[in-house]
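**Student:** Attaching a predicted model along with its sequence, questions to come.
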2 protein chains.
Amino acid sequence: MAYPDKASGFIIKEQDPFNGEPPLDMLCGASITPTSLFFARNHGTIPSIDAQDYRLSITGMVREPRSLSLDDLRTRFPAHTLTATLQCAGNRREELAAVAPIPGELPWGAGAIGTAEWTGARLADVLADGIEPRGPRPAAHVHVTGLDNVQRQNRTFGFGGSIPLEKALSPEVLLAYAMNGEPLMPEHGFPVRLVVPGYIGARSVKWLGEIRVSDKPSDNYFYAHAYRLFPSWEKAGTADRSSGIKLGEMPVTSVICSPRSGEQIKRRPARIQGYAYAGGGRRVERVEVTIDGGRRWQAAQLDDGAGAWAWRFWQIDLDLPVGEVEIAVRAWDSAANTQPEEIRQVWNFKGYMNNAWHRAKVIVDL
Amino acid sequence: MAYPDKASGFIIKEQDPFNGEPPLDMLCGASITPTSLFFARNHGTIPSIDAQDYRLSITGMVREPRSLSLDDLRTRFPAHTLTATLQCAGNRREELAAVAPIPGELPWGAGAIGTAEWTGARLADVLADGIEPRGPRPAAHVHVTGLDNVQRQNRTFGFGGSIPLEKALSPEVLLAYAMNGEPLMPEHGFPVRLVVPGYIGARSVKWLGEIRVSDKPSDNYFYAHAYRLFPSWEKAGTADRSSGIKLGEMPVTSVICSPRSGEQIKRRPARIQGYAYAGGGRRVERVEVTIDGGRRWQAAQLDDGAGAWAWRFWQIDLDLPVGEVEIAVRAWDSAANTQPEEIRQVWNFKGYMNNAWHRAKVIVDL
């Protein structure tokens, strides 16, 4: 299996490191995203790993440091399959960049999200009964590091980060060796990646080489330095790093996949459709659509979704007036959080976590 | 201990049932709210219960239905103390009512929230190993019903509702028999109330009489009918009940306690202060203040807070221009959710879950 070429519509944002996203009409064509259409977000070269040689090191505050082969993971722990959505923290950055420049970051559209059936061992099973309180402070974080080589700040190292121990021990966190029933593609972390449902995609570290239990959070560049949500007044270069929120769970969001902005719509009523997602296992409870800037809203129909960790697709048939119409969508989650109205109110210089109302301006013909 | 009289400043919204809230300057005077200032939200008469006669019934899908006395709760299970904020789903309804009428509901200010040290047995300990899968469907909900008498729809019954079994078994959920180190006041559920941190206050049922494990959610009026978040287009009387989200976790919010709207401020810089809170155990990560309608924001200082289930106090000293100034505040939580800008965007006919930016319009004198 390989990524389709440009003719297929898959949008390659960058060849090396390989980064791309599907167009929205293809993304919303299936609630389990075909692997070859799943967004690819990479920070370094894609390592070529021989499954026979692969070893995962379990270390840090564990009773018995270990090294596990792919076979160990497959045979010594029960296999679990879970449908989970992964979303890049930079999804919808392109809308933020239209408010004010975001230099040096990929201008993702709204396709840096996808949903797959992940199969693997539970991280909780691998760590079961193995955590040792060796230090003066209790174990509280699980560091994960990839076998890839990323260059930052004149150093070469594996992409990594950490998640709270409590999350690591939750049943939804998998050491995944299969995606949609097939071994992982190299671009998606072959042979083993972490899958952390409900969190930003960056925590689902690919080509997983090391798991380290610690009393402190990770000091990997991509946890301590990058993937922070800075306030609107901070700027690249001068930002006080400690002012940025270390990203974990994602907020509630929804996106119009069809029609696209700029599209000419021929018939009325028009079918509007898209996806909605909330992090942290919160359920998307309602999706609403407006064509008058939020004065009046209508409920979209939601599909059932595939459980707490997966997006939900929505659709609505609208009688649209002839002329230029701006359609906007917002979702509500089970904690009654909803999306901010204005893009400028969520702008940040790294371009993360844009969950403002998503808008599509269309031309409606008779 | 008793509620202070009007002279003390406590705002009695209704005598029977007894409902009241503290003024915001008193509320933000202490991060553990004095019991006598803690908001009171009641739907019926306050039952007078003799601690000796009190019995809590544990029933439904449990291996061994039981009846526990107050002494049983105190002596047979470990006592746990937890600092937790409770907030009424109707907190800040008065701002919603200013957008469009909300008849038949109490016009709460922003004081229907408070933080206490709750002591009691964990519900998880009381239910430990006792849940039986008797029916064809697994146990999934815990119903709780009070010993009070509420009248609705020509019936008299105890106030109640349900929480998911997973939440019920979480360590933060207490059968509380003490508040701030003292037995509960009658108004707060003597002798035993449930405390469900992170959820709307209505789930923390007072004068707890029955705990029932079930495969279905509660059909108590206050779960099945009331305490739902309806969309903006629904109206009292004609609302499709199924369109309302059954409320559980609360969204992120923040409020300016001082200065109050309409206040005349004498000196510059002015100290602005208030509280911020997020439901579901999410941490308030940042509080921001604007004096120009959200074009520019500044970070407020946050206190450490008392753990995942408690609010955080914030403050900022601002140089304000002379004249009329509108100060607004918003918070961000650990899932990068923030508050909606406009009150009208969260309006609903029951007046729940208002977490729009909180604003105070003040007059600044030289």
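**Tutor:** Cool, got the structure.
**Student:** Which positions in chain A make contact with chain B?
**Tutor:** A:229, A:231-233, A:243, A:245, A:247-252, A:279-280, A:282, A:285-286, A:288, A:294, A:296-299, A:332, A:334-342, A:345-346, A:352-353, A:355 (Cβ under 8 Å from any Cβ of the partner chain). (Each C-beta comes from the backbone N, C-alpha and C, glycine too.)
**Student:** could you redo the last one with a cut-off of 7 Å?
**Tutor:** Residues of chain A found near chain B (Cβ under 7 Å from any Cβ of the partner chain) are A:229, A:231-233, A:243, A:245, A:247-252, A:279-280, A:285-286, A:288, A:294, A:296-297, A:299, A:332, A:334-338, A:340-342, A:345, A:353.
**Student:** Please identify the helix or strand for A:Gln273.
**Tutor:** strand A:270-277 (DSSP states H and E).
**Student:** now what about that strand, what contacts it?
**Tutor:** Applying Cβ atoms under 7 Å, 6 or more residues apart in numbering or on different chains, the set of residues contacting strand A:270-277 from outside is A:28, A:85, A:87, A:113, A:253-259, A:284, A:287, A:289, A:311-318, A:320, A:327, A:329, A:331.
**Student:** Quick check: buried residues in that strand?
**Tutor:** Neighbour-count burial for strand A:270-277, counted by 16 or more other Cβ atoms under 10 Å in any protein chain shown, picks out A:270, A:272-277.
**Student:** Dump those into JSON lines; add pLDDT as well.
**Tutor:** Below are the buried residues of strand A:270-277 laid out as JSON lines (pLDDT from 0 to 100):
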{"residue": "A:Ala270", "pLDDT": "93"}
{"residue": "A:Ile272", "pLDDT": "97"}
{"residue": "A:Gln273", "pLDDT": "98"}
{"residue": "A:Gly274", "pLDDT": "98"}
{"residue": "A:Tyr275", "pLDDT": "98"}
{"residue": "A:Ala276", "pLDDT": "98"}
{"residue": "A:Tyr277", "pLDDT": "98"}
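**Student:** Check those and tell me the two furthest apart.
**Tutor:** Of all pairs drawn from the buried residues of strand A:270-277, the one with the longest distance (Cβ to Cβ) is A:Ala270 and A:Tyr277, at 23.3 Å.
**Student:** In chain A, what residue spans correspond to helices?
**Tutor:** All helices of chain A, identified by DSSP state H, fall at A:24-27, A:70-75, A:93-97, A:123-127, A:165-168, A:221-224.
**Student:** would you turn those into a markdown table with mean neighbour count?
**Tutor:** Compiled in a markdown table, those are given as follows (neighbours: other Cβ atoms under 10 Å in any protein chain shown):
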| stretch | mean neighbour count |
| --- | --- |
| helix A:24-27 | 20 |
| helix A:70-75 | 16 |
| helix A:93-97 | 21 |
| helix A:123-127 | 20 |
| helix A:165-168 | 19 |
| helix A:221-224 | 19 |
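**Student:** Let's have these in a markdown table, adding mean pLDDT.
**Tutor:** Below are these laid out as a markdown table (pLDDT from 0 to 100):
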| stretch | mean pLDDT |
| --- | --- |
| helix A:24-27 | 96 |
| helix A:70-75 | 98 |
| helix A:93-97 | 98 |
| helix A:123-127 | 97 |
| helix A:165-168 | 96 |
| helix A:221-224 | 96 |
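**Student:** Okay, now the unreliable bits of chain A?
**Tutor:** Counting by pLDDT under 70, chain A contains low-confidence residues at A:1-7, A:134.
**Student:** Identify the residue nearest the geometric centre of it.
**Tutor:** Centre of chain A computed as the mean C-alpha position; nearest residue by Cα atoms, centre = their mean is A:Gln87, 1.7 Å away.
**Student:** who's in contact with that residue?
**Tutor:** Contacts for A:Gln87 were tallied using Cβ under 7 Å, 6+ apart; they are A:112-113, A:201, A:250, A:277.
**Student:** Might one say that A:Leu194 is in contact with A:Thr145?
**Tutor:** No - at 10.1 Å, A:Leu194 does not count as touching A:Thr145 under the criterion of Cβ atoms under 7 Å.
**Student:** distance between the ends of stretch A:315-334?
**Tutor:** The separation between the terminal residues of stretch A:315-334, taken as Cα to Cα, to the nearest Å, is 20 Å.
**Student:** my bad, stretch A:273-292
**Tutor:** Taking Cα to Cα, stretch A:273-292 runs 18 Å from one end to the other.
**Student:** who's the closest residue to chain B within the stretch 151-300 of chain A bridged to?
**Tutor:** Taking Cβ to the nearest Cβ as the measure, the stretch 151-300 of chain A has A:Glu249 as its residue closest to chain B, at 3.7 Å. Each beta-bridge partner of A:Glu249 is listed here, defined by DSSP bridges: A:Tyr199.
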